[in-house]
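Visitor: Fold the stuff below for me.
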Amino acid sequence: MFEELEKLCDRVALISDGHIIDIADMNEDIHNRPQRDFKIEFHTILDYEEFKKSGYEIMRDHKKYSQVTVRIDKKYINSLFQQLKKYDVKFISEVKYTLDKHFKEIMNEGE
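Guide: The predicted structure follows:
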């Protein structure tokens with residue numbers, strides 16, 4: 001249902017216990033938000049550990065796979081990629097931000 005809302009609506013309200021908790025603007029809050037999330041996996045545990053010291057906001061950390069998901073402001077994406085040149089990166093992919101993820105973050109902040 002969230003995918004349908006993303007495609008069809010300009011704004012979507014999150015209602016909990018009869019109260020509006022948030023109103024998401026699909027353009028600003030979802031599709032063109034100022035941050036991006038990237039999943040990065042390293043070939044070695046050493047590179048993984050060293051990268052974690054870089055100061056990026058880590059949203060998820062999977063030591064077992066030498067993998068992190070970082071959130072970064074769009075204006076610093078080039079800097080991130082420049083820094084990643086120093087490491088043996090297995091893969092990097094952008095994690096799509098969705099309405100579902102947005103509302104889950106809103107609900108987690110309220111707890």
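
Visitor: Glu4 - how many residues pack around it?
Guide: Neighbourhood size, Glu4 [other Cβ atoms under 10 Å]: 9. In this view, the C-beta of every residue, glycine as well, is placed from N, C-alpha and C.

Visitor: Got the phi and psi for it?
Guide: Main-chain torsions, Glu4, degrees, to the nearest 10: phi -60, psi -40.

Visitor: and the gap between it and Asp10?
Guide: As judged by Cβ to Cβ, to the nearest Å, Glu4 and Asp10 stand 14 Å apart.

Visitor: centroid residue for this protein?
Guide: With distances taken as Cα atoms, centre = their mean, Asp37 lies nearest the centre of the chain, 3.1 Å away.

Visitor: What residue, apart from its backbone neighbours, is nearest it spatially?
Guide: Val95 (4.1 Å; Cβ to Cβ, 6 or more residues apart in numbering).

Visitor: That neighbour contacts Gln35, doesn't it?
Guide: No: taking contacts as Cβ atoms under 8 Å, Val95 lies outside contact range of Gln35: 10.9 Å.

Visitor: picking up where we left off before, for the residue nearest to the centre of the chain, list each beta-bridge partner.
Guide: Arg71, Val95 (DSSP bridges).

Visitor: Which parts of the chain are strands?
Guide: Along the chain, counting by DSSP state E, strands occupy 11-16, 19-25, 35-42, 57-62, 67-73, 89-95.

Visitor: what's the angle from the longest one to strand 89-95?
Guide: Looking back up the chat, that one is strand 35-42. Counting by axes from the mean of the first three to the mean of the last three Cα atoms, to 10 degrees, strand 35-42 lies at 160 degrees to strand 89-95.

Visitor: May I see the buried residues of strand 35-42?
Guide: Arg36, Asp37, Phe38, Lys39, Ile40, Glu41, Phe42 (16 or more other Cβ atoms under 10 Å).

Visitor: What of the first one?
Guide: Buried residues in strand 11-16, counting neighbours by 16+ other Cβ under 10 Å, are found at Val12, Leu14.

Visitor: neighbouring strands for that strand, and are they parallel or not?
Guide: Strand 11-16 pairs in its sheet with strand 19-25 (antiparallel), by DSSP bridges.
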